[in-house]
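Colleague: here you go, sequence then predicted model.
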Protein chains: 2
Amino acid sequence: MSETKDKIVELADHLLRVKGFNGFSYKDISDPLSLKNAAIHYHFPAKADLGVEVIDHELTKFAGQTKRWQSLPEDEQLEKLIGVFRKHCQDKNICLMGSLASDFETLSPEMRVKVQELGKRILAWLTGCLEQGRHNKRLHFKGEASDRALMIMTNLQSSLLMSRVLGPQVFNSISTQLMKDLKK
Amino acid sequence: MSETKDKIVELADHLLRVKGFNGFSYKDISDPLSLKNAAIHYHFPAKADLGVEVIDHELTKFAGQTKRWQSLPEDEQLEKLIGVFRKHCQDKNICLMGSLASDFETLSPEMRVKVQELGKRILAWLTGCLEQGRHNKRLHFKGEASDRALMIMTNLQSSLLMSRVLGPQVFNSISTQLMKDLKK
DNA sequence: GTCTATATTCCGATAGAC
DNA sequence: GTCTATCGGAATATAGAC
């Protein structure tokens, strides 16, 4: 991949998180990179193509991160995940999943499929982590692991949303309480 | 308020939830109501004015609902709140708070203030409900009521987001587990 | 007061030069 | 691979008719 294309995707990722898919334009990308908007269209004919690429990057990134964590105890793996969200919180970003879920009804079919894939992957990993963690007595919770994974994922997702509105202490409260609940 | 103005606000509320603030246009309102887009501008000079009105309506609605619930046991009040979210889930809507928090960085200062007010009001009510509920032994949870309120609010908010992406069973899983956790 | 016709700006996208 | 030029359309918004 060319350097320009890489920069476009990186910037699009940021804009998608901060302003939402319908809240940014090609101009928001071409201006900072000192390009013309047509240059973006060369790399990504339609805006939806750019959207798909950003999600693909996130899928790859997530797979790499979780693989790097896999030898850690499950509670520490979870802390790592929370750390990723904390980083986004500091950058005033929200998670890609939350941003794209918000705009879901306005997305192209191709983008919707990718968003669904991202959601399934995150939940699958989280479910496995919780299940293993309970088995190894590192994590404690009631009910199905898949239900608990849904609870935790939605906590983290909306913690970034609410942090933007009410301040970063929202993220701290939620992430702290989250781990307390799981450590029993 | 005129009947037309009322219909505009009602439709804007729906569009805001389904498509997001940057995902709908005045045309999406004027066409179904058989008006010209300029007619909307008469009632709401700028799009942000319409946004503020929609949030004000929600604030009033929420105040009325919680007042009507106030004589119920706290666990039933909570069920009522979940019922409101369930209704939105069925209509493929997401909660106003979630939608506006997503687009927060692109909103006008006036709209941001209103969104903040909405968030504070919901959290204040939920915190009070949890506190009273614990005191009356109708609800059981660890930690501060305000922290627990954040957890529950984010669960409900993102449950609607994820339901759109992965299907309505997401909402069912989360809302069921939520009440189980609180009933001890 | 309420709405129509119209202005203006901007967006996503295409064609073709370099 | 990036640029110039430009299109068609849709967006928000204004000015003025009824």
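Modeller: That came through fine. The structure presented is a predicted model; accordingly, all values stated were derived computationally and were not measured.

Colleague: residues contacting the residue nearest to residue A:154 when sequence neighbours are not counted?
Modeller: Using Cβ to Cβ, 6 or more residues apart in numbering or on different chains and skipping the chain neighbours, the partner closest in space to residue A:154 is residue B:158 (3.4 Å). C-beta: built from backbone N, CA, C; applies to glycine. Residues counted as contacts of residue B:158 (Cβ atoms under 8 Å, 6 or more residues apart in numbering or on different chains) are A:98, A:101, A:153-155, A:157-158, A:161, B:98.

Colleague: check residue A:40 too.
Modeller: A:8, A:26, A:29-30, A:50.

Colleague: quick one, grab the pLDDT at it.
Modeller: Residue A:40 is assigned 95 on the pLDDT scale.

Colleague: now it: which helix or strand?
Modeller: helix A:37-43 (DSSP states H and E).

Colleague: in that helix, which residues are buried?
Modeller: Neighbour-count burial for helix A:37-43 flags A:39-40, A:43 (criterion: 16 or more other Cβ atoms under 10 Å in any protein chain shown).

Colleague: re the thing from before, the contacts of residue B:158: which ones sit near DNA strand C?
Modeller: Among those, proximity to DNA strand C is found for none (Cβ under 7 Å from any atom of the strand).

Colleague: of these, closest to DNA strand D?
Modeller: Of all these, DNA strand D sits closest to residue B:98, with 20.0 Å by Cβ to the nearest atom of the strand.

Colleague: skip the chain neighbours and tell me the closest residue to that closest one.
Modeller: Using Cβ to Cβ, 6+ apart, the nearest residue to residue B:98 is residue B:157, at 4.4 Å.

Colleague: would you agree that neighbour is in contact with residue B:96?
Modeller: No. Contact status for residue B:157 versus residue B:96: not in contact, 10.0 Å apart, counting by Cβ atoms under 8 Å.

Colleague: between the two, who's got more neighbours?
Modeller: Using other Cβ atoms under 10 Å in any protein chain shown, the more surrounded residue of residue B:157 and residue B:96 is residue B:157, with 26 against 22.

Colleague: what's the helix or strand for the more buried one?
Modeller: Going by DSSP H and E, residue B:157 is in helix B:145-166.

Colleague: which residues touch residue A:23?
Modeller: Contact analysis of residue A:23 by Cβ under 8 Å, 6+ apart lists A:15, B:22, B:103, B:105-106.

Colleague: what is the nearest of these to DNA strand D?
Modeller: Closest approach to DNA strand D among the contacts of residue A:23 (Cβ to the nearest atom of the strand): residue B:22, at 7.8 Å.

Colleague: what's around that closest one, how many residues?
Modeller: Residue B:22: 19 neighbours (other Cβ under 10 Å).

Colleague: for it, which three-state class applies?
Modeller: Assigned with DSSP: H, G, I helix; E, B strand; the rest coil, residue B:22 falls in the coil class.

Colleague: please name the residues that touch the residue lying closest to it once chain neighbours are set aside.
Modeller: Among residues not flanking residue B:22 along the chain, residue A:22 sits closest, at 4.1 Å (Cβ to Cβ, 6+ apart). For residue A:22, the contacting residues are A:103, A:106, B:19-20, B:22-23, by Cβ under 8 Å, 6+ apart.

Colleague: let's see 6 Å
Modeller: Contacts for residue A:22 (Cβ atoms under 6 Å, 6 or more residues apart in numbering or on different chains) come out as A:103, B:22-23.

Colleague: so for it, what's the pLDDT?
Modeller: We have a pLDDT of 97 for residue A:22.

Colleague: that one and residue B:108, how far apart?
Modeller: 16 Å (Cβ to Cβ, to the nearest Å).

Colleague: hang on, the earlier thing: may I ask which of the contacts of residue A:23 has the most neighbours?
Modeller: Neighbour-wise, these (other Cβ under 10 Å) top out at residue B:103, 23 neighbours.

Colleague: could the contacts of residue A:22 be laid out in TSV, adding distance to DNA strand D?
Modeller: Output for the contacts of residue A:22, formatted as TSV (distance: Cβ to the nearest atom of the strand, whole Å):
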residue	distance to DNA strand D
A:103	14
B:22	8
B:23	9
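
Colleague: which one among these gets closest to residue B:140?
Modeller: Residue B:140 lies nearest to residue A:103 out of the contacts of residue A:22, by Cβ to Cβ, at 37.5 Å.

Colleague: longest single helix anywhere in chain A?
Modeller: helix A:109-135 (DSSP state H).

Colleague: so that helix, near chain B or not?
Modeller: Yes. Counting by Cβ under 6 Å from any Cβ of the partner chain, contacts between helix A:109-135 and chain B involve A:115-116, A:119.

Colleague: same list, those residues, but as JSON lines with distance to residue B:70 please.
Modeller: Formatted as JSON lines, the residues of helix A:109-135 next to chain B follow (distance: Cβ to Cβ, whole Å):
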{"residue": "A:115", "distance to residue B:70": "39"}
{"residue": "A:116", "distance to residue B:70": "40"}
{"residue": "A:119", "distance to residue B:70": "37"}
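
Colleague: thanks a lot, see you next time.
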